[in-house]
Every structure is written in C-alpha cells, then in structure tokens.
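>>> Generate coordinates for the sequence data below:
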Amino acid sequence: MSTTVLGCLENAKINFENLGRAGLSQNPFFIIAMDQLNNAIGALMNGKGVDFVVQDEMFGEIKK
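Numbers count the residues shown, from 1 in each chain. Okay, the predicted model is just below:
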C-alpha cells in the first residue's frame, strides 16, 4: 500500500484531531501544530510543490 506526502499529512491531522477530542485542543502547541498541518495540506492541495514558501517570515502572511 502506497502513501503520498499529502496522505501522511492528512493522517497526522486525523491523529491530532483525535488528541484534540481527548482534551488537548486548547494546548498552544496543539494549536500551532494544527495550523501548520492545515497550511501544508492546503498548499499541496492547491498544487504547490514541497519547496513552496508558505510564509516568508515569522508572523508574516500565510500564502496558499
């Protein structure tokens, strides 16, 4: 069975969502990790490559 990069990220998101339901959803690290996963998944789904720069600087605009 093959797994793509996008599939790995989507699986990680599902695992994090399960942790969120277990009570970790308000943890700042959880929130940051979910944002990062959503940004990566969104970029890949919009046809961006793995070298696409999603954010130029910390606290900068997120490009999708």
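
>>> Just give me the neighbour total for residue 39.
15 (other CB atoms under 10 Å). For every residue, glycine as well, the C-beta is placed using N, CA and C.

>>> OK, contacts around it?
For residue 39, the contact set (CB atoms under 8 Å, 6 or more residues apart in numbering) comprises 54-55, 62, 64.

>>> just residue 3 next, same as before
With CB under 8 Å, 6+ apart, residue 3 has these contacts: residue 11.

>>> In this structure, spot the helix with the most residues.
helix 28-45 (DSSP state H).

>>> List the buried residues of that helix.
30, 33-34, 37, 40-41, 43-44 (16 or more other CB atoms under 10 Å).

>>> if we can go back for a sec, identify the farthest-apart pair in the contacts of residue 39.
55 and 64 (10.4 Å; CB to CB).

>>> how close does residue 35 sit to residue 42?
Using CB to CB, to the nearest Å, we find residue 35 at a distance of 10 Å from residue 42.

>>> Now do the contacts for residue 11.
Contacts for residue 11 (CB under 8 Å, 6+ apart) come out as residue 3.

>>> Check the gap between it and residue 20 for me.
15 Å.

>>> wait, what's in contact with the residue nearest the centre of the chain?
Closest residue to the average C-alpha location of the chain: residue 37 at 0.6 Å, with CA atoms, centre = their mean. Applying CB under 8 Å, 6+ apart to residue 37 gives the contacts 9, 12-13, 16.

>>> Tell me the pLDDT of the residue nearest to residue 33 when sequence neighbours are not counted.
The shortest distance from residue 33 to any non-neighbouring residue, by CB to CB, 6 or more residues apart in numbering, is to residue 16 (6.1 Å). Per-residue pLDDT puts residue 16 at 92.
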